[in-house]
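Chemist: Okay, predicted coordinates and the sequence, questions at the end:
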Amino acid sequence: MRIEKESIERHNEQHLAKHRRHVDFLSQEIGSLDALFDKLVQFQVAVPSWALGTGGTRFGRFSGRGEPGTLEQKIADVGLLHALNGSSGAISLHIPWDIPEQPTKIKELASSYGLRFDAVNSNTFQDQPGQALSYKFGSLHHVDAAVREQAVAHNLEVIKQGDALGSKALTVWLADGSSFPGQLNFREAFERTLDSLQAIYAGLPSDWKLFVEYKAFEPHFYSMTIADWGQSLLLANKLGPQAFSLVDLGHHHPNANIEQIVALLLMEGKLGGFHFNDSKYADDDLTAGAIKPYQLFLIFNELVEGMDARGLDHATDLGWMIDASHNLKDPLADLLQSVEAIMIAYAQALLVDRQALRAAQAAHDVVRAQEILQAAYRTDVRPLVAEARLRSGAALNPIGLYDELAVREALTKERGEHTVATGL
Ligand code: PSV
Ligand code: MN
């Protein structure tokens, strides 16, 4: 299913007058907004191929309807999102869940929806059918060199697959760790991981980046071999200029100050990519901004400050991706909500009066500093995000149009009631 341009235009026509009133009000309050609109239009958040179906928990999985069963259908789903919101112009694949059998055709299909391929993700956290050696006790950190070699070879294969699609980054997330004290020699596990990552790094094309994703817990209960940003940064520094840390919002202990982590990684020039989601307990993979929208804003506040301090292009110098799973909501509606929350937090961060904030900081005016941040956070920027969508030919109200067009019903008719997407 594709969304026709005319359907979007008709929908926008209906909402235009009210929308204009809101934008006029904000531009009278704030002043010229053209630079902000340009930034919002440019900003694209990749959708991971594994977020398009219903995820489960270890207790069960309640599949949805009309889920994409093939890579082509997953691309079509991201195409639908991008048509609706104009901000989902990239897809991130997980190999071997999504092996592109005919890369040229797949690339053409994606570009027919205006999509490019974001970072590719390797998977050494599950054993695949027919695989010679098991990852039960880890992959890149494994005590057995043959297992490490198998995992390195898989990552090199993923780079090859990604290269054929035009991807420019490999994300490595390891489930490696230990569940009991004494199970692992921490130092040697880390050294073996570095050694394996060096072998992968050596196979990286010169215009590629390697993202080292960390996670404080899960699936292991006692230690994770790349558990936090310090360990990820250590690896990225040792690997070289093409290696970076990747921050996934769900991978920290509760109450971690993620905005501070982001600020320091940016200071070091080592923040490479981002996985957005929200959580209450752990890596809950909930809709971005569903639980802690103020934290999302504070993170964007540091991102904008840090990227500007280093002269980085907000849209292209870092890899932006959603990493979520959907147990209850329709995955596509949920992804629309995540992108909206991300764009809102970004727009609010762009509105922070940086000069005034610096002055307040220099004067130890803590009250004023909070007022400045919260003035931006409490601005209802939804009309500005909608205006950016209008300017990129997308819908003023993406979820409204998704419902009006009964997209899920159409997909269910096309694909069936009981389809299951590959992924976790
Ligand atoms: C692990 O929890 C993670 O965040 C990594 O990014 C994986 O690649 C992704 O989830 C999908 O399992
Ligand atoms: Mn992730």
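Modeler: Received the coordinates, thanks. Ligands and ions are numbered 1, 2, ... in the order given.

Chemist: Quote the end-to-end distance of stretch 90-101.
Modeler: Stretch 90-101 stretches 19 Å from its first residue to its last (C-alpha to C-alpha, to the nearest Å).

Chemist: so does that stretch get close to ligand 2?
Modeler: No. Legend: contact between stretch 90-101 and ligand 2 by C-beta under 5 Å from the ion is lacking; minimum distance shown is 9.8 Å. All C-beta spots, glycine's among them, are computed from the backbone N, C-alpha and C.

Chemist: so what's Lys329 up against?
Modeler: Thr287, Gln337 (C-beta atoms under 8 Å, 6 or more residues apart in numbering).

Chemist: How much space separates it from ligand 2?
Modeler: 19 Å (C-beta to the ion, to the nearest Å).

Chemist: Let's verify that residue: helix, strand, or coil?
Modeler: coil (DSSP: H, G, I helix; E, B strand; the rest coil).

Chemist: Dihedrals phi and psi, it?
Modeler: phi -90, psi 160 (degrees, to the nearest 10).

Chemist: Is Leu26 in contact with Leu384, as I believe?
Modeler: Yes. Assessed by C-beta atoms under 8 Å, Leu26 is found in contact with Leu384 at 6.2 Å.

Chemist: quick one: common contacting residues for the two?
Modeler: Common neighbours of Leu26 and Leu384, counting by C-beta under 8 Å, 6+ apart, are Leu33.

Chemist: Tell me which of those two has more neighbours.
Modeler: Just comparing Leu26 and Leu384: by other C-beta atoms under 10 Å the higher neighbour count belongs to Leu384, 25 against 19.

Chemist: excluding its backbone neighbours, what's nearest the more buried one?
Modeler: Ala347 (5.2 Å; C-beta to C-beta, 6 or more residues apart in numbering).

Chemist: roughly how far apart are the one you found and Leu197?
Modeler: Applying C-beta to C-beta, to the nearest Å, the value for Ala347 to Leu197 is 36 Å.

Chemist: try Ser223
Modeler: 18 Å.

Chemist: higher neighbour count, those two?
Modeler: Using other C-beta under 10 Å as the criterion, Ser223 and Leu197 rank with Leu197 on top: 24 against 18.

Chemist: Quick one: name the residues of this protein near ligand 1.
Modeler: For the chain, the residues in contact with ligand 1 (C-beta under 6 Å from any ligand atom) are Trp50, Asn121, Trp173, Glu213, Lys215, Asp248, His275, Asp283, Asp323, Leu424.

Chemist: which sections of this structure are below the confidence cut-off?
Modeler: Confidence mapping of the chain against pLDDT under 70 gives the ranges 422-424.

Chemist: Understood, closing this out.
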